[in-house]
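Participant: got a sequence here, can you build the structure:
(2 chains)
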2 protein chains.
Amino acid sequence: MIRKAFKMKVFPDRVEEYAQRHHPIWPELSQVLKHHGVSNYSIWYDADTSALFAYCEVESEERWTAIADTEVCRRWWKHMQDVMHTNQDASPVSEELREVFYLV
Amino acid sequence: MIRKAFKMKVFPDRVEEYAQRHHPIWPELSQVLKHHGVSNYSIWYDADTSALFAYCEVESEERWTAIADTEVCRRWWKHMQDVMHTNQDASPVSEELREVFYLV
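Facilitator: Residues are numbered from 1 along each chain as shown, chains lettered A, B, ... in the order given. As a prediction, the model looks like this:
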């Protein structure tokens, strides 16, 4: 199992909409994530900076990366691009964070 | 089990020192954390903003809060105050984050 954390950014006036669209996420997206070995995935909002801090546990980097190639993920990105910072392909602007401490 | 995430801030030129002091943390601090029901505790560094994102799982808010009253924790805070933003009592400046999504 690999721990991952990354930072995204939501538009400050759309955070409630962002949260609502995640309660729940589409069942088919949930399924894609689980089938690609993702678990214990939480996303946290920092009101100060509108940053979204994501933490999850994945089986491998390869399976994690493969999610981006699924039709469901691409559709989800498009669905979410009006509420958050995105790249040209509608993927969220995302920055990997470096783990500096771990306690089991 | 309760998931928690919070944000702290390290001095940008002290992040390597911060990381080094956490590899490992003092055994007695490790023990205090475990004895207070803390597990799966990771801290992540965001180079853009010098923020530290902490994620952990705790048994109760009460037990988590009680850590601050231990001698070991107070000593650790003092030990770390030259590398990070702290309050008057040497505790790290810390901001709780709001969970906006969770997938088991």
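Participant: enumerate every residue touching residue A:89.
Facilitator: By C-beta atoms under 8 Å, 6 or more residues apart in numbering or on different chains, the contact set of residue A:89 is residue A:77. Quick note: C-beta positions are derived from backbone N, CA and C, even for glycine.
Participant: now swap in residue A:32 and tell me
Facilitator: With C-beta under 8 Å, 6+ apart, residue A:32 has these contacts: A:67, A:70, A:72, A:73.
Participant: what about 6 Å?
Facilitator: A:70, A:72 (C-beta atoms under 6 Å, 6 or more residues apart in numbering or on different chains).
Participant: element containing it, please.
Facilitator: Using DSSP states H and E, the element containing residue A:32 is helix A:27-35.
Participant: for chain A, which segments count as helices?
Facilitator: Counting by DSSP state H, chain A has helices at residues A:15-21, A:27-35, A:61-66, A:71-80.
Participant: want to throw the ones you listed into CSV with mean pLDDT?
Facilitator: Below are the helices of chain A laid out as CSV (pLDDT from 0 to 100):
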stretch, mean pLDDT
helix A:15-21, 98
helix A:27-35, 98
helix A:61-66, 98
helix A:71-80, 98
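Participant: out of these, flag the one nearest residue A:95.
Facilitator: Residue A:95 lies closest to helix A:61-66 among those, at 15.2 Å (C-beta to C-beta).
Participant: that closest one near chain B anywhere?
Facilitator: No - shown here: helix A:61-66 not in contact with chain B (C-beta under 6 Å from any C-beta of the partner chain), separated by at least 13.4 Å.
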